[in-house]
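Participant: Here you go, sequence then predicted model.
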Amino acid sequence: MKVICPKCKSEHTAPIMYGYPTPEAWEASERGEIILDGCMVFPHQEDYGCLDCNHRWSLDSLPAKAIKKMRIRVFEQDLCTIDMAHAWVYEIYADGTARK
């Protein structure tokens, strides 16, 4: 399910990715799947952007009924080497169920 733009009501929206992009992220941006924005991550940055009207917003500003699930990614890196990295993704749905 796509997130609908609160300004123009378009479904042509994408999550905003912050940080240094990988080659895969550049390709996803070219396909309109994500929006790349800056290497620095700060509190209260926008989460989504509209590809039609360029409006950007944070999930904090959405009504609760518009949120279907939350996805949390946990990243752990041991011994400062990338080959020792572990990542988990948890999805929590509005009905209280969760999936790992």
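Facilitator: Nice, thanks for sending it over. Just so you know, these numbers come straight off a predicted model, no measurement behind them.

Participant: buried ones in the strand or helix carrying Val74?
Facilitator: Using DSSP states H and E, Val74 sits in strand 69-77. By 16 or more other C-beta atoms under 10 Å, strand 69-77 has no buried positions at all. The C-beta positions use only the backbone N, C-alpha and C, and glycine is treated the same way.

Participant: all helices of this protein, in order?
Facilitator: Assigned by DSSP state H, the helices in the chain fall at 23-30.

Participant: picking that back up, chain center to the strand holding Val74, what's the gap?
Facilitator: Centroid displacement of strand 69-77 relative to its chain, using C-alpha atoms, centre = their mean, to the nearest Å, is 11 Å.

Participant: Who are the packing partners of that strand?
Facilitator: For strand 69-77, the elements it packs on are strand 85-93, judged by 3 or more C-beta pairs under 8 Å, 6 or more residues apart in numbering; DSSP states H and E.

Participant: for the chain, what helix or strand is lowest in average pLDDT?
Facilitator: strand 69-77 (a mean of 71; mean pLDDT, DSSP states H and E).

Participant: Parallel or antiparallel, list what pairs with it.
Facilitator: Applying DSSP bridges, strand 69-77 is found paired with strand 85-93 (antiparallel).

Participant: Can you mark which positions in the partner strand are buried?
Facilitator: Counting neighbours by 16+ other C-beta under 10 Å, strand 85-93 gives no buried residue.

Participant: And stretch 53-61, by the same measure?
Facilitator: Within stretch 53-61, the residues that count as buried by 16+ other C-beta under 10 Å are 55-57.

Participant: Kindly report the same for stretch 14-22.
Facilitator: Those would be 14, 16-18, 21, for stretch 14-22 by 16+ other C-beta under 10 Å.
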